[in-house]
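K.L.:
coordinates only, sequence not included:
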């Protein structure tokens, strides 16, 4: 198949306006007569609410509305899976930052001022901050049903027998940190009630169609009375998958009948935003003397904080990926997802896979060392292939890329010439090391979950085509990929395709922009719709010009019909007469595995993207400082749709995973968030970013659009253990707790 | 943020009048620390006095072998100024390591001093340069050594009604060697975990005639490591002399840190910072 647009590095359509600052996020919008909203939040990690007195705030000049739990007309709760998080707390608060009241005022300043006048009387309860303590019967209870949100076990093969047969068994405990996505745009937006009674919420979000369900349910409205617009979005990374401020905005707009704006400050975002789950991962892995993995026993304890959100699903994703990109025939894995009074954990790029891959890839390095094997060879030997079984025993029936990806990593100059790169550190007391790691991450939502794409393609009077897709552009670049895929099918140029995303009033529900899925599901739906539109154009022109359908051909600048060439403008003029349309809907239902993994809801996934990273680090043996000097990334995205987009994801993912490895951690002390801003929540800067090269391995997935898989998450996963493995290569210190701060690395050097 | 009165005087005397009348007034220089503190509710001044209209406070001048730097001079102005680069490279080196380009365009040397953070990047080099601060009030002016401005974490010794107008220092000897090293958690936008500046003057026969070493972020204020300095005086800069100096630095730091939480780390890591400093000061020594 010769492809015209697929795989080309075509610049994003939103690139210029974003670089110049002309682009507007939802939280940049303003309206005449607009009010400002603010949220009163709990200062306590665990307390009963005895009373809420709003009288003084209501009386305050400039204040238009002060609302509490009594003012929530519908279900006072939300949550993607379990609705256990109050819109506004009535009886109890469960973390510092829990919402207790919202208010609207004529100005931001008046809103700030009035917030301090709401009096809430609390009765403090003992808090629980350690998930292992929270699991004990004697622990304070956070939710009536108990502190364990999810407990799941999977077992297949003869684990005991396989450990007995193993030449070497490695057993370690790993602890991971609590990073936050730190998106450019904090949670925020605007809402207004239209004259038609439709409430429109403008808010950066990853799944506006589902947000509408949650908003309508909380407000007691019909879904068709709520519209949500989420375009453009200043970053999501999972942190805008769940409800953030949508319901608060909607509540205030409905109550005041005026446009309302509410934007969280960075400090508020740091306290209340969704973080990656900190996990305690205990792993015992056995292998034969030639390095063949035989047995794997894993226990995961995941701290989901005060509310469920996607905690259970993330635990299951971690369990499914607990052997990384490797084949292990005998596995036992047990997971607990536990409530605590820490701030809330939820979806964040990687969805539980970063934590277990960090652990597994450290295990692989230890196994290689104990067996005297090459770190690359042991990985390739065990790399998952089509037809193998995954960690939970499910057959892998799609195109698996670990072996090809690892082989390409082995061919990078950074790996093959690693001794040269390590030879000359910049100071006599510094040491260099090179590390390697790989990862897989499932694309899409897994078994049982409805996982579909929907799109429409329409010929416009201008001769352009409009593509409508629900999955929002959250910065990842799916818009240009959508345009390329549509243009490839239509035959026209990419410039002739306009893409609209993320507006429930305009775009068909196409599921969420998460789980590395939007290219895969929405891309397939676009192909379906565009194929139908091609037929409509061919048939329409054939009828009007009386030529054979076979003689009509859509080209880059014109449509040829027999001997005639028509511009697209002419085509539109011909086909759109007398109220006729040229529009088609497309649909794709993601294929599912034939069997569900017993006893863990929602597994397995079917399609997996793969990534490998090679990292060169220099460690200061006197200060513990780690500098990442160079990175080679290898990505298996199936067929690449936009090379520039893939490189962008790869580089951004690498830097994000580097922050996870070395510096990023939300510090919570007795429920109080201590890292409130970027002065002490340390994300890597441009100055810290090493040269990153990305090699593409296209292990084409036949169910994917043009053979593509999703890689939005997997690109950030393997870099973390590649860096920690490089640290070991440099100084023989094993990092088992993230992040590898200067203090931890130096303590390791001192043998503490 | 609470409300403050915001005034933006055009003349120095107005500023001093306001300061005299309202001792709680806060001066707004670059605001890179103050605005953050106000956002977090740690300070809420009744009156905020903006200094940005007083262009005369933003200048670098050489007069009679003394370099004068106005309090509103930004870090980027300091870092790029040819006089600073030529005569006080240690200050330029430190100024280049402040925050990011945006912070360096905004943050000022006077603000950095008045804020009195033990991790302030400009203070260790200023102390090694023997810099003095010119402090003015409605009633007059006085001059004091930079280290005498520092009273504790975020606490300066300015009296009510006073402000820092400028810092100045005599040009170091032409053959002085100097360097600044900062250990942070990342390469930009980093607050020093430990910082150190050094300035050495050698005689023609290679003996140290002057030595100043200043340490940041290892005590309540930036301070001079006097005992470590003494180990260098009248000695040649060979490996054993440097090693003795490093030991003295480590001892001083251990003593200064006492039992604070960061002591375990910093007691050890200071060696890396000091090693790097001497690697830059005495490149001919090479490996330890």
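P.N.:
Now that the structure is in, tell me what you want to look at. Treat the numbers as computed from the prediction; the structure is a model and nothing was measured. Residues are numbered from 1 along each chain as shown, chains lettered A, B, ... in the order given.
K.L.:
Surely residue A:367 touches residue A:285?
P.N.:
Yes - shown here, residue A:367 and residue A:285 form a contact pair, counting by C-beta atoms under 8 Å, at 6.5 Å. Yep, even glycine has a C-beta here, placed from its N, CA and C like the rest.
K.L.:
Counting neighbours around each, name which of those two comes out higher.
P.N.:
Remark: of residue A:367 and residue A:285, residue A:285 carries more neighbours, 27 against 24, as counted by other C-beta atoms under 10 Å in any protein chain shown.
K.L.:
now that one, nearest residue through space, not along the chain?
P.N.:
Among residues not flanking residue A:285 along the chain, residue A:363 sits closest, at 4.7 Å (C-beta to C-beta, 6 or more residues apart in numbering or on different chains).
K.L.:
what's around the one you found, how many residues?
P.N.:
Residue A:363, neighbours per other C-beta under 10 Å, totals 26.
K.L.:
Look up phi and psi at it.
P.N.:
phi -60, psi -40 (degrees, to the nearest 10).
K.L.:
Contact partners for it?
P.N.:
For residue A:363, the contact set (C-beta atoms under 8 Å, 6 or more residues apart in numbering or on different chains) comprises A:170, A:172, A:283, A:285.
K.L.:
now residue B:181
P.N.:
So residue B:181 contacts B:195-197, B:273, B:276-277, B:280 (C-beta under 8 Å, 6+ apart).
K.L.:
Please tabulate the residues you listed in TSV and include pLDDT as additional columns.
P.N.:
Converted to TSV, the contacts of residue B:181 look like this (pLDDT from 0 to 100):
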residue	pLDDT
B:195	98
B:196	98
B:197	98
B:273	98
B:276	98
B:277	98
B:280	97
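K.L.:
Next, work out how far apart the residue nearest to residue A:285 and residue A:716 are.
P.N.:
20 Å (C-beta to C-beta, to the nearest Å).
K.L.:
try residue A:645
P.N.:
15 Å.
K.L.:
what stretches of the chain score poorly on pLDDT?
P.N.:
This is for chain A. Regions of chain A meeting the criterion pLDDT under 70 cover residues A:1.
K.L.:
try chain B instead
P.N.:
For chain B, the ranges with pLDDT under 70 are B:1-2, B:287-288.
K.L.:
Show me how the record splits it into domains.
P.N.:
B:5-50, B:55-170, B:177-285 (automatic domain parsing).
K.L.:
how far is the longest one from where the chain is centred?
P.N.:
How far domain B:55-170 lies from its chain's middle: 7 Å, per C-alpha atoms, centre = their mean, to the nearest Å.
K.L.:
So is it next to chain A?
P.N.:
Yes - legend: contact between domain B:55-170 and chain A by C-beta under 8 Å from any C-beta of the partner chain is shown at residue B:100.
K.L.:
Nearest to chain A: which residue in chain B?
P.N.:
As assessed by C-beta to the nearest C-beta, chain A sits closest to residue B:272 within chain B, at 2.9 Å.
K.L.:
So for the helix or strand harbouring that residue, what gets flagged as buried?
P.N.:
Using DSSP states H and E, residue B:272 sits in helix B:263-281. The neighbour-count check on helix B:263-281 (16 or more other C-beta atoms under 10 Å in any protein chain shown) flags B:264-281 as buried.
K.L.:
What values do phi and psi take at the residue of the stretch 601-750 of chain A at minimum distance from chain B?
P.N.:
Using C-beta to the nearest C-beta, the single residue of the stretch 601-750 of chain A nearest to chain B is residue A:622, 2.9 Å away. Dihedral pair for residue A:622: phi -90, psi -30, per degrees, to the nearest 10.
K.L.:
That one contacts residue B:277, correct?
P.N.:
No - shown here, residue A:622 and residue B:277 do not form a contact pair, counting by C-beta under 8 Å, at 11.7 Å.
K.L.:
what are the ranges of the helices in the stretch 351-500 of chain A?
P.N.:
A:353-371, A:375-382, A:402-411, A:413-416, A:418-423, A:478-490 (DSSP state H, counting those that start in this stretch).
K.L.:
oh sorry, the question was meant for the stretch 51-200 of chain B
P.N.:
B:75-80, B:82-87, B:89-96, B:101-106, B:109-115, B:123-128, B:146-149.
K.L.:
Make TSV out of the ones you listed and add mean neighbour count and distance to residue A:73.
P.N.:
Listed next are the helices of the stretch 51-200 of chain B as TSV, based on neighbours: other C-beta atoms under 10 Å in any protein chain shown; distance: least, C-beta to C-beta, whole Å:
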stretch	mean neighbour count	distance to residue A:73
helix B:75-80	21	54
helix B:82-87	16	65
helix B:89-96	24	58
helix B:101-106	16	45
helix B:109-115	25	50
helix B:123-128	30	58
helix B:146-149	19	60
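K.L.:
so which of those gets nearest residue B:231?
P.N.:
Closest to residue B:231 of the helices of the stretch 51-200 of chain B is helix B:123-128 (C-beta to C-beta; 16.1 Å).
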